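Chemist: Any chance you can model this:
(chains A, B, C and D)
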There are 2 protein chains.
Amino acid sequence: MDQSKRKCLESKGWKIGTASDFLELTPEEAIVVEIKLALSQSLRERRQKLMTQKDVAAKISSSQPRIAKAENGDASVSIELLIRAMLATGATPRDIGQIIAGVG
Amino acid sequence: MDQSKRKCLESKGWKIGTASDFLELTPEEAIVVEIKLALSQSLRERRQKLMTQKDVAAKISSSQPRIAKAENGDASVSIELLIRAMLATGATPRDIGQIIAGVG
DNA sequence: TAACAATATATCAGATATGATATAAATACA
DNA sequence: TGTATTTATATCATATCTGATATATTGTTA
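Modeler: Numbers count the residues shown, from 1 in each chain, chains lettered A, B, ... in the order given. Reported below is the predicted structural model:
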């Protein structure tokens, strides 16, 4: 990973150490990060076509700020919240599965 | 869902209310439960062929009891831990995506 | 431009998930 | 049978994730 991507991730709360790559993460952790970012991106793309962050939040009893963080790839957002938000946009398990399958 | 399945889920900590179906869960929550159970099952199947719960735990800095809970579909286990455990068995994002895509 | 809607950022207390530990129960296998 | 291995259950302090709230920023539209 290049310098700019690392800085980007760090600004969102990801702790990827001082190395210039994912070397400080186990392979499993690195893939989890990639899965989260893929879901995050996809959530934003889907949601923008259909509704506001507030709408998504209401459907899953969350809050607009939390959906903003989800879409921004913030490290504090769980995979579960990302999936719940995706589902709120009408995504199916099939849609979500395909996004995850496309990682790596 | 029949009575026995409901009792089974409840014994694992799932709060599905008093109804005889998933009616007390939002559609999104119900799907999340199904995704967790699917990952849980798949984890056990994959893991048993390859290694012990202790082995999986070591690979992802978790503990054997936690892996046991993951395989038993305990409600306290996050999707993230399920995915990390799957990855520890050698599952790829593609494998995981297919399992999720098959829900519903 | 002004006014409004949408999104981003900051903070925080409460809830949930965590690994660790101890140990019970089950399973394998000599 | 007994003994070792594996898995399940219970408890707990800590870390992480949560929604709520306030508010700043950005974007849109009159």
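
Chemist: what about the longest helix in chain A?
Modeler: When chain A is scanned for its longest helix (criterion: DSSP state H), the result is helix A:27-50.

Chemist: Could you see whether DNA strand D lies near it?
Modeler: No - residues of helix A:27-50 are not located near DNA strand D by CB under 7 Å from any atom of the strand, the shortest gap being 9.3 Å. Every residue, glycine included, has its C-beta placed from N, CA and C.

Chemist: Using CSV, write down the CA coordinates of the helix or strand following that helix.
Modeler: Remark: after helix A:27-50, the chain's next helix or strand is helix A:53-59, criterion DSSP states H and E. C-alpha atoms of helix A:53-59 as CSV (Å, rounded to 0.1, in the frame of the first residue of the first chain):
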residue,chain,number,x,y,z
GLN,A,53,-28.1,8.9,5.8
LYS,A,54,-30.9,9.8,8.2
ASP,A,55,-33.3,7.5,6.3
VAL,A,56,-30.9,4.6,6.7
ALA,A,57,-30.3,5.3,10.3
ALA,A,58,-34.1,5.4,11.0
LYS,A,59,-34.6,2.0,9.4
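
Chemist: For the worst-scoring helix or strand of chain A on mean pLDDT, what is the distance to the chain centroid?
Modeler: In chain A, no helix or strand scores lower on mean pLDDT, DSSP states H and E than helix A:3-11, which sits at a mean of 83. In terms of CA atoms, centre = their mean, to the nearest Å, the centre of helix A:3-11 is set 15 Å apart from its chain centre.

Chemist: Repeat that for stretch A:62-79.
Modeler: With CA atoms, centre = their mean, you get 8 Å for stretch A:62-79.

Chemist: for stretch A:79-88, same thing?
Modeler: Taking CA atoms, centre = their mean, one finds stretch A:79-88 lying 9 Å from the centre of the chain it belongs to.

Chemist: That stretch: which residues count as buried?
Modeler: Buried residues in stretch A:79-88, counted by 16 or more other CB atoms under 10 Å in any protein chain shown: A:79, A:81-88.

Chemist: Please save the CA atoms from it in CSV.
Modeler: Taking C-alpha atoms only, stretch A:79-88 is exported to CSV below (Å, rounded to 0.1, in the frame of the first residue of the first chain):
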residue,chain,number,x,y,z
ILE,A,79,-19.0,-5.3,10.1
GLU,A,80,-22.5,-5.9,11.5
LEU,A,81,-23.5,-2.2,11.4
LEU,A,82,-22.2,-2.0,7.8
ILE,A,83,-24.3,-5.1,6.9
ARG,A,84,-27.4,-3.7,8.7
ALA,A,85,-27.0,-0.4,6.8
MET,A,86,-26.6,-2.2,3.5
LEU,A,87,-29.7,-4.2,4.2
ALA,A,88,-31.5,-1.0,5.0
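
Chemist: Now for residue A:15: which residues touch it?
Modeler: Taking CB atoms under 8 Å, 6 or more residues apart in numbering or on different chains, we find residue A:15 in contact with residue A:75.
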